[in-house]
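Visitor: show me the folded form of this:
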Amino acid sequence: MMNLFAARMSSVSLRLWLVGIVSALGLTAVCMRALEPEDSRSKRAEQRKGKELRSLADRIAQYGQSMHQRYPTGDVVVSEGDLATRLRKRPDDVATALSLLFDEQKVQRAPLNGYWKLNV
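Guide: The predicted structure is shown next:
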């Protein structure tokens with residue numbers, strides 16, 4: 001009976017220590033984020049935005065490939081607005097991602113303003 005009681009008390013004590021350690025680590029992370037310098041914060045936000053644009057550009061290229069597989073005889077021409085609606089992104093983000101693909105020669109500007117031909 002005494003061993004069972006001692007084992008339970010040890011288990012409770014261990015859990016309290018674990019909760020305390022996890023709480024301290026969480027509080028440390030929050031404090032570090034709050035006390036982070038402004039230039040580091042803006043640099044991190046810029047890196048996150050770049051990753052998001054790269055991901056969006058990859059999704060646009062995949063969309064172009066899937067459309068070309070579905071309709072192999074024609075060119076894939078899309079508008080910025082249609083892509084923004086389909087991908088649920090802001091139109092200016094889609095335009096920036098298309099400009100990124102344009103620099104990589106994966107898209108071409110179409111004669112109509114706001115339309116792009118996807119090279120697959």
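Visitor: now the residue most central in space within the chain: how far from Tyr71?
Guide: Centroid-nearest residue in the chain, with C-alpha atoms, centre = their mean: Glu52, separated by 4.5 Å. Using C-beta to C-beta, to the nearest Å, Glu52 is found at 29 Å from Tyr71. All C-beta spots, glycine's among them, are computed from the backbone N, C-alpha and C.
Visitor: so what are the domain limits for this structure?
Guide: Domain assignment for the chain by automatic domain parsing gives 1-35, 47-120.
Visitor: what average pLDDT does the first one get?
Guide: In this model, domain 1-35 has a mean pLDDT of 74.
Visitor: coming back round to it: which residues touch the residue nearest to the centre of the chain?
Guide: Asp93 (C-beta atoms under 8 Å, 6 or more residues apart in numbering).
Visitor: residue contacts, Leu53?
Guide: 93, 96-97, 100.
Visitor: which element is encountered next along the chain beyond the helix or strand containing it?
Guide: Assigning secondary structure by DSSP states H and E places Leu53 in helix 38-70. The element immediately downstream of helix 38-70 (helix or strand, assigned by DSSP H and E) is strand 76-79.
Visitor: list the buried residues in that following strand.
Guide: 76, 78-79 (16 or more other C-beta atoms under 10 Å).
Visitor: list the buried ones in the helix holding Leu53?
Guide: 53, 56-57, 59-61, 63-64, 67-68.
Visitor: distance to Arg41 added to the domains of the chain, as CSV?
Guide: Formatted as CSV, these follow (distance: least, C-beta to C-beta, whole Å):
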stretch, distance to Arg41
domain 1-35, 9
domain 47-120, 11
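Visitor: deepest-packed of those, please.
Guide: Highest mean neighbour count among the domains of the chain (mean count of other C-beta atoms under 10 Å): domain 47-120, with a mean of 15.
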